[in-house]
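J.: fold the following for me, if possible:
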Amino acid sequence: MKNNVLLGVVFFGLFFCPLATFATSWAYPFITWEGNLYVVTDTKIEKVEEELGQVTSYSDMESLPGDFSNAYQKGTKFYKIKGVSTEEAIAVEVEDGTFIKAIREESYLGESNSEPVVKSHKLKSSVEAEEKAEEKKNGLVLLTMYLLFFIAIFSSCLVFFVRKRKEGE
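T.: Sure, this is the predicted structure:
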């Protein structure tokens, strides 16, 4: 009986461990502010002016309203870049005194789904974004296949163990 339980635990572990890797994958890190989406770059910024705001909500799984980010935790501050309009870009404080540039894309509609809703997408890496979306779709298909396979194996094991137990009685 102990061997049967151990076998069941092993099957459970084998089929659920790979599933933990499936989560929302965003095409790019971003921050939203005043209804606009700013795509975060690797470009360091030296001079900033006044603080514009801070991230009010964070999620790497779904879009949220407000000053939301998929990459930066609640409380992360962002600033106006000296000599640059906020219509063009803002600076995100990644560490004390270290800032990186976030480029304004378009209006962020803030609908709650797995990807941000952007009115017009001007990213140079739009092909990359489409590839990421395709990977996500493929991941969901694979997740469904894993789940169905697990259900089939689990059902088969359950039937096998019930029959063995009845034979033993």
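J.: which stretches of this structure form helices?
T.: Using DSSP state H, the helices found in the chain span residues 2-16, 126-168.
J.: and the last one, what other elements does it pack with?
T.: When you say that, I think you mean helix 126-168. Counting contacts by 3 or more C-beta pairs under 8 Å, 6 or more residues apart in numbering; DSSP states H and E, helix 126-168 packs against helix 2-16. (C-beta placed from N, C-alpha, C; glycine too.)
J.: among the helices of the chain, which gets the worst mean confidence?
T.: Per-stretch mean pLDDT for the helices of the chain is lowest at helix 2-16 (a mean of 56).
J.: buried residues, stretch 135-147. List them.
T.: Within stretch 135-147, the residues that qualify as buried by neighbour count (16 or more other C-beta atoms under 10 Å) are Lys136.
J.: dump that stretch to CSV, restricted to CA.
T.: Output of stretch 135-147 as CSV, limited to C-alpha atoms (Å, rounded to 0.1, in the frame of the first residue of the first chain):
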residue,chain,number,x,y,z
GLU,A,135,4.8,31.6,-27.4
LYS,A,136,2.2,32.3,-24.7
LYS,A,137,-0.5,30.8,-26.9
ASN,A,138,1.7,27.7,-27.5
GLY,A,139,2.3,27.5,-23.7
LEU,A,140,-1.4,27.4,-23.0
VAL,A,141,-1.8,24.6,-25.6
LEU,A,142,1.0,22.7,-24.0
LEU,A,143,-0.5,23.3,-20.5
THR,A,144,-3.8,21.9,-21.7
MET,A,145,-2.1,18.9,-23.1
TYR,A,146,-0.2,18.3,-19.9
LEU,A,147,-3.4,18.6,-17.9
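J.: going forward can the numbers begin at 35, since that is how I track them
T.: Fine by me, first position is 35 from now on; the one you just mentioned is stretch 169-181.
J.: report the distance from it to the chain centre.
T.: Relative to its chain's centre, stretch 169-181 lies at 15 Å (C-alpha atoms, centre = their mean, to the nearest Å).
J.: next, the contact list for the nearest residue to Ile65 once chain neighbours are set aside, please.
T.: Leaving aside its sequence neighbours, Ile65 sits nearest to Ser103 (C-beta to C-beta, 6 or more residues apart in numbering; 4.6 Å). Listed by C-beta atoms under 8 Å, 6 or more residues apart in numbering, the contact partners of Ser103 are Pro63, Phe64, Ile65, Thr66, Val89, Ser91, Tyr92, Thr110.
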